[in-house]
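# What follows is a protein structure lacking sequence information:
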């Protein structure tokens, strides 16, 4: 996963302006590749029955003022949308306002003012609002948007990116933008599927990273020690952690009703071929022997990625993704599993586990919707098991999927 020049420039902007920055990128990409706007145009709930196509786009502008200070009671100056799409098919006119939220929240009254603006849609000007966000909205915000779906719609940056992927095949510029969104953790990083022709650089780097962590030199995994792989492996692993953060954000907020963003943790588990009772003491005289002996005894290893949220009475629901590698040639070099358990302190009330076919290359792991479907299925089974075997937890588990 290479660094992207969009990311380098973004670092010069405060978090409050990351949405505005994305708007500026889209405006300038549009000037060369108009199709970058198509997913937003198709999403917008425009009022008229006419079909607005790409050839109807008259212009794309950032920081577009839509409500003047005189027309609202906030202390802010004019309300400005991160992006405005002007429509003109020669007979009719329209406007779509895009509000982009990356690392900031909606201002007081901001959603309401967008709706007020869109409600003024008429025969002279068709209007709609699209909210483009990196992270899940609050339940109050989701309910308000659903109530006003005639005027406003919500799209995740991950969904926007997925819709751009096919376009990116024909545009290096849009491809760079897609890479940037993945690099920043706004969209799911992708690994190629097993047997797919193309660039396997990221997968090979990840394999190198896990082999060097958990297996002896003669691991049966081919050459893993090139400088490029060694440098890139931790970056790819970090991208998988970002993927898990996205999944966990969505799962905790939308499925578990959590109000706080879950904290992601990860830790290694090393398996040895022989049992070692005590930590080997390192001395200047045995540096080489100690280092070689430790590597020689490595047999397998796992990385656990975990997250959890607190329910009533200190009950927690935990979910995770496990990466696993073993010595020798295996059908799936990097195995992958996901799990859900319900616990309190050191006591487990229930737990469900699913091994993923084709391991880390299974493409369901790189689609938010498909990953969520798998995780929700496991969670429902774990919750039902806890309810069945521990009726006293029923109150704590109220409101969870079943």
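Good, I have the coordinates. Here the structure is a predicted model, which means the values were calculated and not measured. Residues are numbered from 1 along each chain as shown.

# Can you give me the buried ones in stretch 88-102?
For stretch 88-102, burial by neighbour count (16 or more other Cβ atoms under 10 Å) applies to 93-102. In this view, the C-beta of every residue, glycine as well, is placed from N, C-alpha and C.

# Out of the residues you listed, name the ones that lie in strands.
Secondary structure from DSSP state E places 93-101 of the buried residues of stretch 88-102 in strands.

# want to throw these into JSON lines with distance to residue 398?
Listed next are those as JSON lines, based on distance: Cβ to Cβ, whole Å:
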{"residue": "93", "distance to residue 398": "50"}
{"residue": "94", "distance to residue 398": "45"}
{"residue": "95", "distance to residue 398": "44"}
{"residue": "96", "distance to residue 398": "40"}
{"residue": "97", "distance to residue 398": "39"}
{"residue": "98", "distance to residue 398": "38"}
{"residue": "99", "distance to residue 398": "34"}
{"residue": "100", "distance to residue 398": "36"}
{"residue": "101", "distance to residue 398": "30"}
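
# Closest to residue 349 out of those residues?
residue 101 (36.6 Å; Cβ to Cβ).

# State the distance from the closest one to residue 19.
To residue 19, residue 101 is 6 Å away according to Cβ to Cβ, to the nearest Å.

# what do you get for residue 336?
To residue 19, residue 336 is 33 Å away according to Cβ to Cβ.

# More neighbours: which of the two?
Neighbour tally, residue 336 and residue 19, criterion other Cβ atoms under 10 Å: the higher count belongs to residue 19, 23 against 20.

# confidence score at residue 198?
If you check residue 198, the pLDDT there is 56.

# likewise the one 3 residues further on?
At residue 201 the predicted local confidence, pLDDT, stands at 86.

# OK, contacts around it?
Counting by Cβ atoms under 8 Å, 6 or more residues apart in numbering, residue 201 makes contact with 228, 232.

# shift numbering so it begins at 32
Yep, numbering from 32; the last one is residue 232 now.

# Residue 350 falls within a strand, correct?
Yes - per DSSP: H, G, I helix; E, B strand; the rest coil, residue 350 lies within a strand segment.

# Give the burial count for it, as a bare number.
The number of residues packed near residue 350 is 26, by other Cβ under 10 Å.

# residues touching it, list them.
279, 282, 337-339, 369-372, 406, 409-410.

# One more: residue 375?
344-347.

# Buried among these? Make that a ChimeraX selection.
The ChimeraX selection below is limited to those of the contacts of residue 375 classed as buried (16+ other Cβ under 10 Å):
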select :346
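
# In contact with the residue positioned nearest the centre of the chain, which residues?
The centroid of the chain falls nearest to residue 277 when counting by Cα atoms, centre = their mean (3.2 Å). Residues in contact with residue 277 (Cβ under 8 Å, 6+ apart) are 189, 216, 218-219, 399.

# sorry, back to before: nearest to residue 234, of the contacts of residue 350?
Distances from residue 234 to the contacts of residue 350, taken by Cβ to Cβ, are shortest for residue 369, at 19.0 Å.

# could you say which helix or strand contains that closest one?
strand 366-375 (DSSP states H and E).

# And the next helix or strand past that strand?
strand 378-386.

# Which strands or helices does that following strand pack on?
strand 366-375, helix 399-420 (3 or more Cβ pairs under 8 Å, 6 or more residues apart in numbering; DSSP states H and E).

# Within its sheet, name the partner strands of that strand and how each one runs.
strand 366-375 (antiparallel) (DSSP bridges).

# How far does the partner strand sit from its chain's centre?
Mean-position distance between strand 366-375 and its chain equals 19 Å (Cα atoms, centre = their mean, to the nearest Å).

# Averaged pLDDT, that strand. What do you get?
On average, strand 366-375 scores 96.

# quick one: buried residues of that strand?
Of the residues in strand 366-375, those buried (16+ other Cβ under 10 Å) are 366-375.

# same question, stretch 201-219
202, 205, 207-219.

# Residue 114 versus residue 59, what's the distance?
Residue 59 is 11 Å from residue 114, by Cβ to Cβ.

# quick one, which of the two is more surrounded?
Set side by side, residue 59 and residue 114 give different neighbour counts by other Cβ under 10 Å, the larger being at residue 114 (27 against 14).

# The helix or strand the more buried one falls within pairs with which strands?
Secondary-structure element containing residue 114, defined by DSSP H and E: strand 110-119. As defined by DSSP bridges, the strand partners of strand 110-119 come to strand 88-98 (antiparallel), strand 124-132 (antiparallel).

# Pick out the shakiest of those strands, pLDDT-wise.
strand 88-98 (a mean of 85).

# Just say helix, strand or coil for residue 153.
Three-state call for residue 153 (three-state DSSP): coil.

# Tell me the pLDDT of it.
87.

# Tally up the residues packed near it, please.
10.

# Next one: it from residue 76, what distance?
Taking Cβ to Cβ, one finds residue 153 at 15 Å from residue 76.

# Where do the helices of the stretch 232-381 of the chain begin and end?
For the stretch 232-381 of the chain, applying DSSP state H, counting those that start in this stretch gives helices covering 232-245, 258-281, 318-327.

# for the buried residues of stretch 119-133, which one is nearest residue 286?
residue 132 (20.7 Å).

# Quick check: beta-bridge partners of the nearest residue in space to the closest one that is not next to it in sequence?
Among residues not flanking residue 132 along the chain, residue 164 sits closest, at 4.4 Å (Cβ to Cβ, 6 or more residues apart in numbering). Note on residue 164: beta-bridge partners by DSSP bridges are residue 132, residue 187.

# quick one: buried residues of the strand holding residue 114?
Neighbour counts using 16+ other Cβ under 10 Å place 110-118 of strand 110-119 among the buried residues.

# Outside of that strand itself, list whatever touches it.
For strand 110-119, the external contacting residues (Cβ under 8 Å, 6+ apart) are 50-51, 53-54, 57-58, 68, 71-72, 75, 83, 87-98, 103, 124-131, 141, 144, 157.

# Buried only: go through these for me.
Buried subset of the contacts of strand 110-119 (neighbour count, 16+ other Cβ under 10 Å): 50-51, 53-54, 57-58, 68, 71-72, 75, 83, 87-88, 91, 93, 95, 97-98, 103, 124-131, 141, 144, 157.
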